[in-house]
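Peer 1: Please find the sequence and the predicted model below.
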Amino acid sequence: MATVVYTVGDDISTDVIYPGRYMATVLPTETPQFAFADDAAFNAQLKAHAVSAGSVLVGGKNFGCGSSREQAVSCLNGHELTIVARGFARIFLQNAINLGLRVVVCPTIVAAVGDDLTIAATEVVNETKGQRFPIVPLPQSRQAIIDAGGLIPFTRQRLLVEKGS
Amino acid sequence: MGMTLVEKILARASDRPRVAVGDVVEPRVDLAMSHENAALVINQFLEIYAGTPLPANLWDPHKVAIIFDHRVPAESPKTASNQKKIRAFVAAQRIRRFHDIRGDVGGICHQILPESGYVRPGTVVVGTDSHTTSHGALGAFAFGIGATEMASVWALGTVLNVEVPPTIKIEVRGRFRPHVGPKDLILHLIGQLTAEGANFRVLEYHGETVRAMSTSGRLVLCNMAVEAGATAGAVPADAETTRYLREEAGVTEPTDAVGPDADAAYDRVIQLDVSDLGPQIACPHTVDNVKPIAAVAGTKIDQVVIGSCTNGRLDDLAAAAGILDGRKVAPSTRMLIFPASAKIYQQALDRGYVATFMRAGAVVMNSGCGPCLGVHEGALGDGEVALSTTNRNFKGRMGNPNSEVYLCSPAVAAASAVAGVITDPRTGGN
């Protein structure tokens, strides 16, 4: 079971998740400090490590729209959050899969901060509210990358096969 | 059933006779563009090779382009160090399509790529920037990817596991009224589609209005396709594309364009008539919050910005200069102008636009992304309002979450700068 620590509405852009003024910081080890930097309270909670690994951020439709900046994914990944959203923007979704951020597409999800969720293979169960919400599976085309542990190991395996070593 | 433009391109780039929506392909990449975020791509690229006996070399240095534009000149030691690291990589890998911070060949990546002749019809273009959709204006399939995905492209020369996207056909007819143009059209369309209405889809633009439009205008339509969530925007190459490549991009060799089949299968068709379209404004804090200008006319503005990969081209500057000539920017308003490339800056100098802007009280800045993404210049104060020809107005976009950004055309921006409030250029600017 995982607890919801933060909720946002529709069309949350990468400028909100990782403001542009921190874009000179690129390393995944350094980006987590700037996650949701413009929400001082939540950012402080994250930086104080008051959010346990596997905690859930619940989003609306089109989560991660806007810029292709990968920091918007690595900053959340660094806090080992799971993102359950009604939908994701394309580049954010691919970046998440490539970097191993856990993302769950759940078009009807209803949850509030403090709710306990069980994320199963085909549905999200909001244990607090006693409601179940179906999951849309991730694109088949990306499953091989998830299975390989991310795009870097996946590409490395491909290269080693192609170059015959 | 025939194929759409993007289906045609993907079939060719993956050596298949045909592809259909949902097929998973691995297309060859013809052009792979990055900007300052190449610093992260380099990290991820080296990580791919870590622990292997393989040398970390680009699959094809000639197909890689790197353009500094997001933070030029560097605003911090951190950015400067990233740029230094990228220069060393460019030299070591012998990347020739590198545009440093320069007054002769510098500029915004989405202007440098077309004006340098790097983008060709019928090709696959990827970039670590969401507005890579711009290059569909030349009949390419161009889309944004993340830094790690780019590292994989640098290694393999292909994009792994691309699902062939559905295409929405946009048919546009009618002639624009004076002071109305491509920016008003795309804002109107985004307002109709919503910010996620074209998610995971391609917008393919057709119709007499698009055929009559310059490549500069088509770049606006494709640039902002991503603001409706689209994977790409695309205009089938035609005589105007050939003219642009020959006359403005210096391309002499023949190009190998493809076009959509007459019986291509579209997700849906949207028909628009621009004959009665007026200036459109995207209001805070989402790009799809679009209203006719009358709804917000009179709103006081603290800063006007003309520039960006959307509207920093010569025709945009010409429209602004025509309105600003002999007038003054309102004392309560600051006006910042960013030509999209050094070449455009030079042309604006030659035509006297820069002098017109300065006499009016505008500040003409060096080419680059400028205040569009709130990184290092033109920040807004608490409670301030900006009116901008850029492409995004998300909360905090221009660096301050306690400010507001309205988006508009260059003509609206110029007329409003003079009045100090949002102003319809058809009535208030002249």
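Peer 2: Received the coordinates, thanks.
Peer 1: residue contacts, the closest residue to B:I293 other than its chain neighbours?
Peer 2: Distance criterion C-beta to C-beta, 6 or more residues apart in numbering or on different chains; nearest residue to B:I293, sequence neighbours excluded, is B:P279 at 4.2 Å. All C-beta atoms are positioned from the backbone trio N, CA, C, and that covers glycine. Counting by C-beta atoms under 8 Å, 6 or more residues apart in numbering or on different chains, B:P279 touches B:H179, B:V180, B:D184, B:P292, B:I293, B:C408, B:S409, B:A411, B:V412, B:D424, B:P425, B:R426.
Peer 1: Pop the domain breakdown of chain B in here.
Peer 2: Listed by automatic domain parsing, the domain ranges of chain B are B:5-272, B:280-419.
Peer 1: okay, how far is it across the last one, tip to tip?
Peer 2: From the first residue to the last, domain B:280-419 extends over 18 Å; the measure is C-alpha to C-alpha, to the nearest Å.
Peer 1: Measure how far that domain is from the centre of its chain, please.
Peer 2: 15 Å (C-alpha atoms, centre = their mean, to the nearest Å).
Peer 1: try stretch A:97-104
Peer 2: On C-alpha atoms, centre = their mean, the centre of stretch A:97-104 falls 6 Å from the chain's centre.
Peer 1: Repeat that for stretch B:76-95.
Peer 2: Remark: stretch B:76-95 is offset 24 Å from the chain centroid, using C-alpha atoms, centre = their mean.
Peer 1: now, which of the contacts of B:P279 sits nearest B:H285?
Peer 2: B:C408 (15.4 Å; C-beta to C-beta).
Peer 1: Now do that closest one: how many residues are near it, please.
Peer 2: Residues near B:C408, counting by other C-beta atoms under 10 Å in any protein chain shown, number 28.
Peer 1: Tell me the buried residues in the longest helix along chain B?
Peer 2: Across chain B, the longest stretch assigned as helix under DSSP state H is helix B:77-93. Buried residues in helix B:77-93, defined by neighbour count with 16 or more other C-beta atoms under 10 Å in any protein chain shown: B:K78, B:T79, B:N82, B:Q83, B:I86, B:F89, B:V90, B:Q93.
Peer 1: ditto for stretch B:278-293
Peer 2: Buried residues in stretch B:278-293 (16+ other C-beta under 10 Å): B:279-290, B:292-293.
Peer 1: Report the mean confidence score over that stretch.
Peer 2: The average pLDDT within stretch B:278-293 is 98.
Peer 1: Now do that stretch: distance to the chain's middle.
Peer 2: Centroid displacement of stretch B:278-293 relative to its chain, using C-alpha atoms, centre = their mean, is 18 Å.
Peer 1: looking at chain A, which helix or strand is least sure?
Peer 2: helix A:140-147 (a mean of 85; mean pLDDT, DSSP states H and E).
Peer 1: which parts of it are buried?
Peer 2: So for helix A:140-147, counting by 16+ other C-beta under 10 Å, buried means A:S141, A:R142, A:I145, A:I146.
Peer 1: Of the residues you listed, which are in range of chain B?
Peer 2: Restricting the buried residues of helix A:140-147 to those near chain B by C-beta under 8 Å from any C-beta of the partner chain leaves A:S141, A:R142, A:I145.
Peer 1: can you pull the contacts of the last one?
Peer 2: Which is A:I145. A:I145 neighbours (C-beta under 8 Å, 6+ apart): A:I97, A:N98, A:L151, A:F154, B:L160, B:N161.
Peer 1: Do I have it right that the first one meets A:D147?
Peer 2: No: the pair A:I97 / A:D147 is not scored as a contact, 10.6 Å apart, by C-beta atoms under 8 Å.
Peer 1: Just the local confidence number for B:N161, please.
Peer 2: According to the prediction, B:N161 has pLDDT 87.
Peer 1: Which one, of the domains of chain B, ends up nearest to A:A120?
Peer 2: Closest approach to A:A120 among these is made by domain B:5-272 (25.0 Å; C-beta to C-beta).
Peer 1: Do me a favour and get the end-to-end distance for that closest one?
Peer 2: For domain B:5-272, the end-to-end distance is 20 Å (C-alpha to C-alpha).
Peer 1: likewise stretch B:231-245?
Peer 2: End-to-end distance for stretch B:231-245, by C-alpha to C-alpha: 24 Å.
Peer 1: Show me what the mean pLDDT comes to for that stretch.
Peer 2: Stretch B:231-245 comes out at a mean pLDDT of 98.
Peer 1: to the chain's geometric centre, what's the distance from that stretch?
Peer 2: Worked out by C-alpha atoms, centre = their mean, stretch B:231-245 lies 14 Å from the chain centre.
Peer 1: Now it: buried residues?
Peer 2: B:T231, B:A232, B:G233, B:A234, B:V235, B:P236, B:A237, B:E240, B:T241, B:Y244, B:L245.
Peer 1: The longest strand along chain A near chain B at all?
Peer 2: Assignment by DSSP state E gives strand A:2-7 as the longest strand of chain A. No: remark: strand A:2-7 sits outside contact range of chain B, by C-beta under 8 Å from any C-beta, the gap being at least 16.0 Å.
Peer 1: quick one: contacts of that strand?
Peer 2: Counting by C-beta under 8 Å, 6+ apart, residues outside strand A:2-7 touching it are A:36, A:42, A:45, A:51-52, A:54-59, A:81-82, A:111-119.
Peer 1: Which helix or strand contains the spatially most central residue of chain A?
Peer 2: Centroid-nearest residue in chain A, with C-alpha atoms, centre = their mean: A:I83, separated by 4.1 Å. For A:I83, the host element (DSSP states H and E) is strand A:82-85.
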